[in-house]
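Asks: Whatever this is, show me its structure:
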Amino acid sequence: MLLTMPQKIDKLRKHSRPPRIRVPNQEKAIFTVDNQKFLGIVQRLSLTGGSALLVKGPIPEGTCGEMALSTVFGKVTAHIEFLHTGADGVPLAQAFRFLAMDGVSTQRFSAAAEQMQTAGFADVEQKQTPIDVGFERLRESVRQISGMLTSGRGTRSKA
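Replies: This is a model prediction of the structure:
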């Protein structure tokens with residue numbers, strides 16, 4: 001039985017992006033499109049997709065295929081859709097998203113992603129709150145004013 005991966009249907013609802021994980025050790029995956037298999041080096045992964053450098057070169061955006069990836073918890077297979085190239089600022093890296101994954105693969109993938117995240121491979125972005133942004137702007141303004149005041153003191157002429 002295949003589980004459908006969550007889609008971005010309700011964009012009005014606030015939710016955070018799943019952590020993106022830098023995949024260590026140039027892990028390879030086998031991609032299959034139209035019964036043709038080719039190798040790819042996985043660059044990043046998240047619970048919703050990832051990016052890879054494909055030996056075959058770019059696949060047309062919107063093409064569906066399969067991916068097989070070995071993890072420490074066992075083999076993970078998933079139905080994927082290829083997205084844009086240039087993922088993560090790497091011109092040859094191609095993004096993909098998971099369309100469906102069976103239950104066993106879902107468990108294995110989740111465990112592997114959690115382990116890589118715990119090991120420090122996640123791209124964690126610290127979100128600034130509006131208060132943090134306000135304090136940062138205030139701090140910068142005070143620095144600028146302080147700089148103007150101190151530079152003005154040394155250039156005053158004495159009368």
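
Asks: and the closest residue to Glu27 other than its chain neighbours, how many neighbours?
Replies: Using Cβ to Cβ, 6 or more residues apart in numbering and skipping residues adjacent in sequence, the residue nearest Glu27 is Val42, 4.9 Å away. All C-beta spots, glycine's among them, are computed from the backbone N, C-alpha and C. For Val42, the count of nearby residues is 22 (other Cβ atoms under 10 Å).

Asks: Val42 in helix, strand or coil?
Replies: strand (DSSP: H, G, I helix; E, B strand; the rest coil).

Asks: show me where this structure has strands.
Replies: 2-4, 20-22, 28-33, 36-45, 49-54, 64-71, 74-85, 93-102, 122-123 (DSSP state E).

Asks: May I ask which helix or strand of the protein has the lowest mean pLDDT?
Replies: One helix or strand of the chain scores below all others by mean pLDDT, DSSP states H and E: strand 2-4, with a mean of 53.

Asks: Please verify my assumption that Phe73 contacts Ser110.
Replies: No - counting by Cβ atoms under 8 Å, Ser110 is not a contact partner of Phe73; they are 9.0 Å apart.

Asks: what about this structure, any weak spots by pLDDT?
Replies: Scanning the chain for pLDDT under 70 picks out 1-18, 124-144, 146-159.

Asks: So in terms of bridging, what pairs with the residue nearest to Glu27?
Replies: In this entry, Val42 is beta-bridged to Ala52, by DSSP bridges.

Asks: so who does Ile30 touch?
Replies: Contacts here follow Cβ atoms under 8 Å, 6 or more residues apart in numbering; on that basis Ile30 touches Lys37, Phe38, Leu39, Gly40, Met67, Ala68, Leu69.
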